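A structural model of the following input is requested.
(2 chains)
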Protein chains: 2
Amino acid sequence: MDIEKLIEEIKKKKSFLCVGLDVDLEKIPPHLKELEDPIFEFNKAIIEATHSYAVAYKPNTAFYEAYGIQGWKSLERTIRYLNTNYPEIFTIADAKRGDIGNTSTRYAKAFLEAMNFDSITVAPYMGKDSVEPFLAFENKHTILLALTSNQGANDFQLQETQQNQLFEQVIATSQKWKNAERLMYVVGATKAAHFKKIRAIAPHHFLLVPGVGAQGGSLKEVCRFGLTEDIGLLINSSRGIIYASKEKDFAEKAALKAQELQQEMAIYLN
Amino acid sequence: MDIEKLIEEIKKKKSFLCVGLDVDLEKIPPHLKELEDPIFEFNKAIIEATHSYAVAYKPNTAFYEAYGIQGWKSLERTIRYLNTNYPEIFTIADAKRGDIGNTSTRYAKAFLEAMNFDSITVAPYMGKDSVEPFLAFENKHTILLALTSNQGANDFQLQETQQNQLFEQVIATSQKWKNAERLMYVVGATKAAHFKKIRAIAPHHFLLVPGVGAQGGSLKEVCRFGLTEDIGLLINSSRGIIYASKEKDFAEKAALKAQELQQEMAIYLN
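Numbering: from 1, shown residues only, chains lettered A, B, ... in the order given. So this is what the prediction gives:
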């Protein structure tokens, strides 16, 4: 998807909400478990209930791989459902892949070509030649881990290098790579204080922001320092939306939670 | 697998060779493509031909994911074949995963429990809580990317932090994590000059070393600085062995290449 289309969709829906489809069979309503493909049925119901409030969906591949081949089938059905019914919605394979050149190309083809996701999350540790193969795909986007929302971000990402902190170096260095205009960055909402710094290095790139809600990040703070003229933010919520209820009304309750976030976003967009 | 068993096997076979099962359908002999599961048949033939010279096999997941569900089936059949027929052989899921805590647990379960690999490669960028879930599995091993063999290693891994280079910090910091005795590290053979430094920080941990052969690393140099009393090295070769011939004699030629490496290793073990 062209980035302009994503921006258009955000303006139309007054929302920059991404819904994380991290489906755990232990947490979905019992009545779904009797169906042939409970994960897909759950996703379908969530998508139907929330698509007016969301501009992006993000399945995390770990949740699908955990169920082996059946899980991969559910993932493939989910992305196909989105691409068929809601081609205007931005899709993210939250896969956090990354390997040497030729091998990264294989991952890129699997997610951006065969499954036709609009984007994929990628880990930066292996550097330029591990990321550029993802960037080679036209109208596709590579979302590089920069500053994540977890405790472990302190271990390396926030370490001082000789010039700055490692995450800043990741953002600055990656902007010199080929097709860098197709980059976005993962920046945790729990790190709101760093958004100003990040916008100084990456004034226009979209940031995918997990950690609002359950993990304690503030949407208001993120918007204050993160919003750009072209919005430049995708705020992800997973558990807060998809597990708002574990009963038969799960989709209805998910819609309410998504709408709540959308309404708050509409305020910041004005 | 207990690390003692791996060491025993190395001593018995006089080999610390790992064979990378990175199967590309474009590169396998044409006669295999007519079979129902060409990737598995290729792997099976390679394993049968090389298992006397190798102590470990390492499928890189990218090569399987690239073929969607069929690829995952081939991967599952390959690991099942190894576990059934050669339980004494160490298996590595070269998956380079890593995510926040709960999500890493899902990846760990998929590879270490459901597929029953002995180990998995993991990216360190997200820090402690992204790696410890893998380390929680008894008799399993987590192989952390430290210093990779590709050009992109210069971008971040070799950057100077305030104390040392990032890869040294990754090795030093990770040794403080829970169950750190289950850690191994990926260190590219192309970085032989760094092995001395690494052995100063991690004197006993096993190192998984790609980059001998095709990528230009020297087995002799790696052994000179990397070998420990308990060996402490697994040297990986993928293309150099599995694509030694692209004709009907591929398995035979693969065996010759593996044997060549094993014989060189036997010298350094003395």
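
burial check on the nearest residue to residue A:65 once chain neighbours are set aside, number of neighbours?
For residue A:65, ignoring the flanking residues on the chain, the nearest one in space by Cβ to Cβ, 6 or more residues apart in numbering or on different chains is residue B:110 at 4.4 Å. Glycine gets a C-beta too; all of them are placed from N, C-alpha and C. For residue B:110, the count of nearby residues is 24 (other Cβ atoms under 10 Å in any protein chain shown).

which of the helices or strands spans the spatially closest residue to residue A:82 that is not a sequence neighbour?
Leaving aside its chain neighbours, residue A:82 sits nearest to residue A:91 (5.5 Å; criterion: Cβ to Cβ, 6+ apart). Here residue A:91 is covered by strand A:90-97, with elements defined by DSSP states H and E.

residues contacting that strand, please?
A:1, A:6, A:9, A:18, A:20, A:55-61, A:79, A:82-83, A:104, A:107, A:111-112, A:115, A:117-123, A:143, A:145, A:208, A:234, B:62, B:96-99, B:123 (Cβ atoms under 8 Å, 6 or more residues apart in numbering or on different chains).

which is the next helix or strand following that strand?
helix A:101-108.

what's the very next helix or strand once past that next one packed up against?
Once the chain leaves helix A:101-108, the next helix or strand it forms, by DSSP H and E, is strand A:119-122. Counting by 3 or more Cβ pairs under 8 Å, 6 or more residues apart in numbering or on different chains; DSSP states H and E, the packing neighbours recorded for strand A:119-122 are strand A:90-97, helix A:101-108, helix A:128-135, strand A:141-147.

run through who's touching strand A:119-122.
Outside strand A:119-122, the residues within contact range by Cβ under 8 Å, 6+ apart are A:90-98, A:104, A:107-108, A:111-112, A:130-131, A:134, A:140-145, A:184, A:186, A:208.

where does chain A dip in pLDDT?
Counting by pLDDT under 70, chain A shows no low-confidence range.

mind redoing it with 90?
A:160-163, A:190-193, A:211-217, A:270 (pLDDT under 90).

just the strands from it, written as ranges.
Taking DSSP state E, the strands of chain A run over residues A:17-20, A:56-58, A:90-97, A:119-122, A:141-147, A:183-187, A:207-209, A:233-237.

so where's the longest helix in chain A?
Identified as the longest helix of chain A according to DSSP state H is helix A:250-269.

what angle sits between that one and strand A:233-237?
150 degrees (axes from the mean of the first three to the mean of the last three Cα atoms, to 10 degrees).

got the buried residues for helix A:250-269?
Neighbour-count burial for helix A:250-269 flags A:250-251, A:253-255, A:257-259, A:261-262, A:264-265, A:268 (criterion: 16 or more other Cβ atoms under 10 Å in any protein chain shown).

farthest pair in these?
Of all pairs drawn from those, the one with the longest distance (Cβ to Cβ) is A:250 and A:268, at 27.6 Å.

what is the neighbour count of the residue of the stretch 1-150 of chain A found nearest chain B?
Residue of the stretch 1-150 of chain A nearest chain B, by Cβ to the nearest Cβ: residue A:127 (2.5 Å). Burial of residue A:127, expressed as a neighbour count using other Cβ under 10 Å, amounts to 25.

any idea how far the residue lying farthest from the centre of chain A is from chain B?
Ranked by distance from the centre of chain A (Cα atoms, centre = their mean), the top residue is residue A:162, with 30.7 Å. To chain B, residue A:162 is 5 Å away according to Cβ to the nearest Cβ, to the nearest Å.

residue A:236 touches residue A:208, doesn't it?
Yes - using Cβ atoms under 8 Å, residue A:236 is in contact with residue A:208, at 6.3 Å.

those two: who's more crowded?
Legend: neighbour count by other Cβ under 10 Å for residue A:236 and residue A:208, higher for residue A:236 (28 against 25).

and the stretch 151-270 of chain A, which residues reach chain B?
Selection of the stretch 151-270 of chain A residues close to chain B by Cβ under 8 Å from any Cβ of the partner chain yields A:151-157, A:159-162, A:166, A:169-170, A:173.

from the stretch 151-270 of chain A, which residue is nearest to chain B?
Closest point on the stretch 151-270 of chain A to chain B, by Cβ to the nearest Cβ, is residue A:152, at 2.5 Å.

ChimeraX command to pick out the buried ones of the contacts of strand A:119-122?
One line in ChimeraX is enough to select the buried ones among the contacts of strand A:119-122; burial here means 16+ other Cβ under 10 Å:
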select /A:90,91,92,93,94,95,96,97,98,104,107,108,111,112,130,131,134,140,141,142,143,144,145,184,186,208
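
about what we covered before: which ones are touching the residue nearest to residue A:65?
Residue B:110 is in contact with A:62, A:65, A:66, A:68, counting by Cβ under 8 Å, 6+ apart.

what's the closest of those to residue B:216?
Distances from residue B:216 to these, taken by Cβ to Cβ, are shortest for residue A:65, at 33.4 Å.

which of the helices and strands packed on strand A:119-122 sits closest to residue B:49?
Closest to residue B:49 of these is helix A:101-108 (Cβ to Cβ; 23.6 Å).

now do that closest one against strand A:141-147, angle only.
Per the same axes, to 10 degrees, the angle that helix A:101-108 makes with strand A:141-147 is 110 degrees.

joint contacts of residue A:236 and residue A:208?
Residues within reach of residue A:236 and of residue A:208 at once, by Cβ under 8 Å, 6+ apart, are A:18, A:58.

once you drop chain neighbours, what's closest to residue A:102?
residue A:133 (7.7 Å).

what's the answer for residue A:35, then?
Of all residues not flanking residue A:35 in the chain, residue A:41 sits nearest, at 4.9 Å (Cβ to Cβ, 6+ apart).

what about that neighbour, distance to residue B:106?
Residue A:41 is 20 Å from residue B:106, where distance means Cβ to Cβ, to the nearest Å.

so for these two, which residue has more residues nearby?
residue B:106 (23 against 18).

thinking again about what came up before, pull the distance from the strand holding residue A:91 to the chain's centre.
Mean-position distance between strand A:90-97 and its chain equals 6 Å (Cα atoms, centre = their mean, to the nearest Å).

kindly report the same for stretch A:193-202.
Distance of stretch A:193-202 from the chain centroid (Cα atoms, centre = their mean) equals 19 Å.

so which bits of that stretch are buried?
Neighbour count says stretch A:193-202 has A:194, A:195, A:197, A:198, A:199, A:201, A:202 buried, by 16+ other Cβ under 10 Å.

among those, which are in helices?
Per DSSP H, the subset of these in helices is A:195, A:197, A:198, A:199, A:201.

farthest-apart pair in these, please.
It's A:195 and A:201 that sit farthest apart of these, by Cβ to Cβ, at 11.0 Å.

rewinding a little: remind me what the longest helix of chain A packs against, helices and strands.
Helix A:250-269 is packed against helix A:3-13, strand A:17-20, helix A:38-50, helix A:219-226, strand A:233-237, helix A:239-242, with contacts defined by 3+ Cβ pairs under 8 Å, 6+ apart.

between the first one and strand A:183-187, how big is the angle?
Our comparison of helix A:3-13 with strand A:183-187, counting by the same axes, to 10 degrees, yields an angle of 50 degrees.
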